[in-house]
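J.: A predicted structure for the sequence below; I have some questions about it.
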Amino acid sequence: MKKIYNILFPAIIAVLTIAGCKKDKDATYPVLDGAQVTTWQDPAFAGFETDGSLKQAIVKQRIPGSPDSLYNFSVKGLFSKAGVASTDIPVTFTLDYSTLDSLNYRQVSSNRPVYEKAPDSIFTFKNKTGIIKTGTYSTDEVFFSISSAKIKLGHLYIVPIRATSSGFSTSSKIVYFVIKGIDPFPWSILSVDSEETSGEGPNNGFAKFAIDGNVNTFWHTQWQGGSPGLPHYIAIDTKRVQPMAGIVLTNRQGASSGVPKKIDVSVSSDGTTWTPAGSFNNISTGSAPFKLTFPTVQSARYFKITVTETYGNTNYCFYAEINIF
């Protein structure tokens, strides 16, 4: 069973609007770089689907066991009046949990899990100010960060951000970032060209041990009774079409000779037609999980790793864990 966490991708841009007159004006929320932005406004509950769920909740993948890192996200203040600001407009970005109880009332009424405040231990928002400078229409990006390794399965965190500015009316809407831990998906092996079915014992060797969530088990290509040469491949079915920004690999613990050095990664939506996603050389020999990022985010259900060269120039290769992000 492959455990996956959902999290925002780095550098997703949400836009909060500041009205350029004294009359309140609805905010606009452009969707940039593939981001999905959700809004909510009391008492109209704007931003809800008819079944009570939040519209367009931002959910992207995060892989457990990957090295701890901060994922950075950004927001901007936007001058909504036609044209540009005629004077500098200071903007303050705040966390606004004032609607959390109402949101959770809707969640409970719809038999959905409640939202939790993002705890300080995973969330950092240091610089909360920006300026819409004279002659421009937006602030620079203001960043906040989430510690990827501290997101826990079974929690539904929410980060609500509001923009305010003295002397100018501001939209009453809030931009919500949703970070969700989801249940495991039953990934399976689509195909593999070689696996060791006896020489590594009952709990190693088979391809399925590369997706069991245990770094102490591993897939190993055949070596007993013959050792077919490179290239070797392993193809995995994630059971649903989803965005793939790259792969997370964990080498066999304590191994050196046979560690993959060069690999090609391809993706597929049907398990038959494959599209190249990235090629990687001189990759890590360490025991810790590491990420390899595709040049372009892919949308696919299946992915395949083809090992074309190993350290030690062996005929065999192996992986302890294979994942995506």
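T.: Great, that's in hand.

J.: pLDDT below threshold where in this protein?
T.: Residue ranges of the chain with pLDDT under 70: 1-76, 78-83, 111, 148-149, 151-154, 166-173, 179-185.

J.: what's the single longest strand in it?
T.: Taking DSSP state E as the criterion, the chain has its longest strand at strand 290-310.

J.: and the next element down the chain from it?
T.: strand 318-319 (DSSP states H and E).

J.: Which segments of this structure make up each domain?
T.: Domain assignment of the chain by automatic domain parsing yields the ranges 5-180, 188-324.

J.: how much space is there between Thr217 and Phe318?
T.: Going from Thr217 to Phe318 by C-beta to C-beta, to the nearest Å gives 11 Å. For every residue, glycine as well, the C-beta is placed using N, CA and C.

J.: Comparing the two, which residue is more hemmed in?
T.: Neighbours per residue, other C-beta atoms under 10 Å: of Thr217 and Phe318, the larger number sits with Phe318, 26 against 20.

J.: Quick check, that one in contact with His220.
T.: Yes: look at Phe318 against His220 with C-beta atoms under 8 Å: they come within range, at 4.3 Å.

J.: got any residues that touch both of the two?
T.: Common contacts of Phe318 and His220, defined by C-beta atoms under 8 Å, 6 or more residues apart in numbering, comprise Arg252.

J.: which residues touch Tyr97?
T.: The neighbourhood of Tyr97, defined by C-beta under 8 Å, 6+ apart, consists of Lys117, Pro160.

J.: Secondary structure of it: a helix, I assume?
T.: No: counting by DSSP: H, G, I helix; E, B strand; the rest coil, Tyr97 is not part of a helix but coil.

J.: distance of it from Ala210?
T.: Note on Tyr97: its distance to Ala210, by C-beta to C-beta, is 41 Å.

J.: give me the number of residues near Ile161?
T.: 20.

J.: Might one say that it is in contact with Thr94?
T.: Yes: look at Ile161 against Thr94 with C-beta under 8 Å: they come within range, at 7.2 Å.

J.: Pairing partners for the longest strand of the chain, with directions?
T.: Note on strand 290-310: by DSSP bridges, its sheet partners are strand 232-250 (antiparallel), strand 260-268 (antiparallel).

J.: The helix or strand that the shortest one is followed by to strand 260-268, inter-axis angle?
T.: So the one you mean is strand 260-268. Remark: after strand 260-268, the chain's next helix or strand is strand 275-280, criterion DSSP H and E. In terms of direction (axes from the mean of the first three to the mean of the last three C-alpha atoms, to 10 degrees), strand 275-280 departs from strand 260-268 by 160 degrees.

J.: Name the residues that touch strand 275-280?
T.: Counting by C-beta under 8 Å, 6+ apart, 244, 246, 262-268, 292-296, 298, 300, 303 sit against strand 275-280.

J.: Swap in 10 Å and give it another go.
T.: Under the contact criterion C-beta atoms under 10 Å, 6 or more residues apart in numbering, strand 275-280 has outside partners 244-247, 249, 260-269, 292-298, 300, 303-306, 308.
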